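**Student:** here's my sequence, what's the structure:
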Amino acid sequence: MATALVTGGTSGIGAAFAQELARRGHDLVLVARDAARLEEVAADLRRGGTQVEVLRADLGDRGDVQRVADRLEDAARPVDLLVNNAGFGLSSKLLAPDTSEQERALDVMCRAVLVLGGAAGRAMRARGRGAVLNVSSVAGFVAMGGYSAVKAWVTSYSEGLANELAGTGVTVTALCPGFVRTEFHERADLRMTSLPELGWVDVDELVLAALDDVARGRVVSVPTARYAAVVQLARHAPRRLVRWASRGIVSARS
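**Tutor:** The predicted model follows:
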């Protein structure tokens with residue numbers, strides 16, 4: 001029986017991954033900060049017959065990150081798929097004198113991804129199989145402040161890790177969603193009421209596309225043709241045009 005470890009597995013995209021992986025027969029290790037919610041989600045999955053282990057961890061805390069990394073490297077309880085999903089939106093500006101939110105974002109969405117991806121990669125390489133899925137974002141291809149910078153790092157890191165693991169039987173995929181219908185935007189207090197229906201992606205559609213890309217060994221996954229086109233445009237357009245468009249999006253949200 002395959003085992004998947006999902007960070008941020010109790011809400012949003014992480015919860016959708018947990019549900020789909022359980023449906024496919026995976027055992028689960030769920031990682032999140034909220035112990036009560038972890039137990040609630042685990043109990044619901046267990047009622048469907050899924051074996052669920054819970055790890056309460058704050059991925060902004062280095063000790064907690066190491067506990068999760070140790071679990072990933074436990075040879076007696078192998079993890080076949082790591083979904084590095086934990087994250088949050090950023091509302092503070094890069095010029096804000098209080099940089100605490102930006103620093104926490106680096107800890108949770110960069111440092112934790114680095115440590116956990118390395119732990120999983122080493123353990124999986126030793127077994128000759130496995131997959132790492134890092135949840136990045138289309139935002140990483142544009143210039144919308146700290147969140148774009150963080151997600152650009154996640155995508156680039158995933159490509160580098162994929163290179164190091166090439167030929168080992170272990171794959172690495174950076175999942176780059178656009179706007180997904182979850183509680184994420186509400187939590188981040190992002191004003192997206194003007195976004196047309198076409199701009200939204202169904203979370204279940206996203207998860208199915210991502211897992212298909214993992215199975216194919218695709219390194220960068222951009223679900224839906226419309227967001228794939230956005231990424232191609234951002235990659236090939238002059239950077240000054242990308243910056244101009246990014247300023248327009250940020251202004252519309254403010």
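**Student:** skipping adjacent residues, who's closest to V170 in space?
**Tutor:** M124 (4.3 Å; CB to CB, 6 or more residues apart in numbering). Bear in mind the C-beta positions are built from the backbone N, C-alpha and C, glycine included.
**Student:** so which residues of the stretch 151-254 of the chain form helices?
**Tutor:** Taking DSSP state H, counting those that start in this stretch as the criterion, the stretch 151-254 of the chain carries its helices at 184-187, 203-216, 225-236, 239-253.
**Student:** and the shortest one, average pLDDT?
**Tutor:** Taken as a whole, helix 184-187 carries a mean pLDDT of 50.
**Student:** and for stretch 50-65?
**Tutor:** Throughout stretch 50-65, pLDDT has a mean value of 98.
**Student:** buried stuff in that stretch?
**Tutor:** For stretch 50-65, a neighbour-count test (16 or more other CB atoms under 10 Å) marks T50, V52, V54, L55, R56, A57, D58, L59, G60, D64, V65 as buried.
**Student:** what's opposite the fifth one in the beta bridge?
**Tutor:** R56 has the following beta-bridge partners by DSSP bridges: A32.
**Student:** okay, and the beta partners of the closest residue in space to V79 that isn't next to it in sequence?
**Tutor:** In space, and not counting its chain neighbours, V79 is closest to L5: 4.8 Å by CB to CB, 6+ apart. Note on L5: beta-bridge partners by DSSP bridges are V29, L82.
**Student:** what's the burial count for L5?
**Tutor:** When neighbours are counted by other CB atoms under 10 Å, L5 registers 23.
**Student:** what sits against it?
**Tutor:** L5 makes contacts with L28, V29, L30, V31, V68, R71, L72, V79, L81, L82, V83, A120, as judged by CB atoms under 8 Å, 6 or more residues apart in numbering.
**Student:** show me the contacts for R218.
**Tutor:** Per CB under 8 Å, 6+ apart, neighbours of R218: T173.
**Student:** and it, what are its phi and psi?
**Tutor:** Main-chain dihedrals, R218, degrees, to the nearest 10: phi -70, psi 130.
**Student:** what is the three-state secondary structure of Q19?
**Tutor:** helix (DSSP: H, G, I helix; E, B strand; the rest coil).
**Student:** now it. Nearest residue, chain neighbours left out?
**Tutor:** L45 (7.6 Å).
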